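>>> After the sequence you'll find the predicted model.
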Amino acid sequence: MAGSREKKRDPKASLALLWGEQEQPRRGPKPSLTAGRIVAAAIEIADTEGMDAVSMQRIAAELDVTTMALYRYVPGKAELIDLMVDSALGTPATTDGIPDDWRSRLTDWARQCWAKYRRHPWILTATAMRRQLMGPNQLAWLDAALAALSRTGLPAAQQHDAFLLIVGHIRTLAQQSAAADEAGEEEWNRLEADVLERHGHRYPALTAAITAGAFAPQQGDPLDFGLERILDGIAALADRA
């Protein structure tokens, strides 16, 4: 029975939970749990063991309740994931102390967002390949980004496209970070070096780039180079506009 509940996602139920608009029971015993406690337990599991470890059964065990008891507060795992994402993101920090220009504020926004993905890498999996219902926190992030971009003077559609570019850059870095395997990377590099030693003459540009250090480990925050180039492009577009 529990499994069947997790298979079907109810968007209306998710929205009601995200926005605190779910109907409260008028009768019966006083609730011993809250959706917030369930979500917090799920986030802790995901942070330490990954999204695959999150299940209604596992959360129930952590909270020392029956699995069925959770369904009084959250209809199933799909709705739980929507709540987890919105809760883990929180809201963007204030821009106090940030220079009052679009580039500075957008840079600060991107760094805050990147920090969230590093703190909760499972967000990438949770929001991939599914239509994401946005709660108050997610909308606050979108609103903050668009508030900064509105200062560029670009048309609204281009502001949104710029937002997608920045988020795409952050998600790509998050994917690379999540897939990082130091031991596997060393073995891969060794094998590739062996192949290029024998066949490098066939790829002169690649060989020259490797020799010049193109593939050396990056220094500093991996976010910075791509973010700066995106912002440069936005600035150039705004200047033309």
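Great, that's in hand. Being a predicted model, the structure only gives us computed values, none of them experimental. Residues are numbered from 1 along each chain as shown.
>>> Run a quick neighbour tally on residue 141.
When neighbours are counted by other C-beta atoms under 10 Å, residue 141 registers 21. Bear in mind the C-beta positions are built from the backbone N, C-alpha and C, glycine included.
>>> Can you give me every residue that contacts the closest residue to it other than its chain neighbours?
The shortest distance from residue 141 to any non-neighbouring residue, by C-beta to C-beta, 6 or more residues apart in numbering, is to residue 92 (5.8 Å). By C-beta atoms under 8 Å, 6 or more residues apart in numbering, the contact list for residue 92 reads 109, 112-113, 140-141, 144.
>>> Inside helices: which ones of those?
The helices, defined by DSSP state H, take in 109, 112-113, 140-141, 144 from these.
>>> just these now: which is nearest residue 72?
Of all those, residue 72 sits closest to residue 140, with 28.3 Å by C-beta to C-beta.
>>> from memory the closest one sits against residue 91, does it?
Yes - because the distance of 4.6 Å satisfies C-beta atoms under 8 Å, residue 140 is recorded as touching residue 91.
>>> Show me where this protein has its helices.
Using DSSP H, helices in the chain cover 2-7, 11-18, 35-49, 56-63, 67-70, 77-89, 102-119, 122-126, 136-149, 156-178, 182-199, 204-211, 223-240.
>>> residues touching residue 59, list them.
Residues 38, 41-42, 45, 70, 80 are the ones in contact with residue 59 under the rule C-beta under 8 Å, 6+ apart.
>>> circling back to that earlier point, what separation is there between the residue nearest to residue 141 and residue 10?
Noted for residue 92: a distance of 29 Å to residue 10, by C-beta to C-beta, to the nearest Å.
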